[in-house]
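A.B. asks: got a sequence here, can you model it:
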Amino acid sequence: MDNFKRRIYHGLDEMVTDMRAVMARRDLIRSTMRGGLDAPFRERLMLVVTAVNGCRYCSYAHARQALSEGISEEEIESLGDTAFHGSPTVEVPALLYAQHWAETDGEPDPAVRSSVADRYGEETLERIEIVLRMIRVGNLMGNTFDYLLYRLSFGRLGGATPKP
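C.D. replies: This next block holds a predicted model:
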């Protein structure tokens, strides 16, 4: 029985689809990372998706980055539990959307997506979604690597999502 509990890529086609989606939006990524979305907001979004996907590498890296962006340890811990205590109220709908987006493997309910677009605007939502897609790629690649290690160790490494 396979006890590995984190989300992984289940085939090369799934990974290629995600990578193509990211590569096709390079201009959007550049503008988003250069101020199109506030840096602390981006880190909050990434921490929420990482909490859902359970990537230990991204959890550590983005917790450190969030600290450098001025996010408190308490808020980082809260985001890691997919709770939003201490997060700016105006960002909570987007953080909830990020959680939903990750839980549905990047296929959110159209009504939920529409609601978020109405709140933030389509351009901002596109920026949010490219950030979500980028962190999904990192999460699933890290988890897939861990899964391979897990399988090579015949399950002795354990599959529970470790906390950093």
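
A.B. asks: any idea which helix is longest in this protein?
C.D. replies: When every helix of the chain is counted residue by residue (DSSP state H), the longest turns out to be helix 122-152.

A.B. asks: work out the gap between that helix and the centre of the chain.
C.D. replies: On the basis of C-alpha atoms, centre = their mean, to the nearest Å, helix 122-152 is displaced by 6 Å from the centre of the chain it belongs to.

A.B. asks: from here on, call the first residue 49.
C.D. replies: Done: numbering now begins at 49, and the last item shifts to helix 170-200.

A.B. asks: which secondary structure elements does that helix contact?
C.D. replies: helix 60-71, helix 74-79, helix 87-101, helix 104-116, helix 140-151, helix 158-168 (3 or more C-beta pairs under 8 Å, 6 or more residues apart in numbering; DSSP states H and E). C-beta: built from backbone N, CA, C; applies to glycine.

A.B. asks: can you add mean pLDDT, mean neighbour count and distance to Met182 and give the ones you listed back as JSON lines?
C.D. replies: Formatted as JSON lines, the entries for these read as follows, by pLDDT from 0 to 100; neighbours: other C-beta atoms under 10 Å; distance: least, C-beta to C-beta, whole Å:
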{"stretch": "helix 60-71", "mean pLDDT": "94", "mean neighbour count": "13", "distance to Met182": "6"}
{"stretch": "helix 74-79", "mean pLDDT": "97", "mean neighbour count": "13", "distance to Met182": "7"}
{"stretch": "helix 87-101", "mean pLDDT": "98", "mean neighbour count": "24", "distance to Met182": "8"}
{"stretch": "helix 104-116", "mean pLDDT": "96", "mean neighbour count": "18", "distance to Met182": "10"}
{"stretch": "helix 140-151", "mean pLDDT": "98", "mean neighbour count": "20", "distance to Met182": "12"}
{"stretch": "helix 158-168", "mean pLDDT": "98", "mean neighbour count": "14", "distance to Met182": "18"}
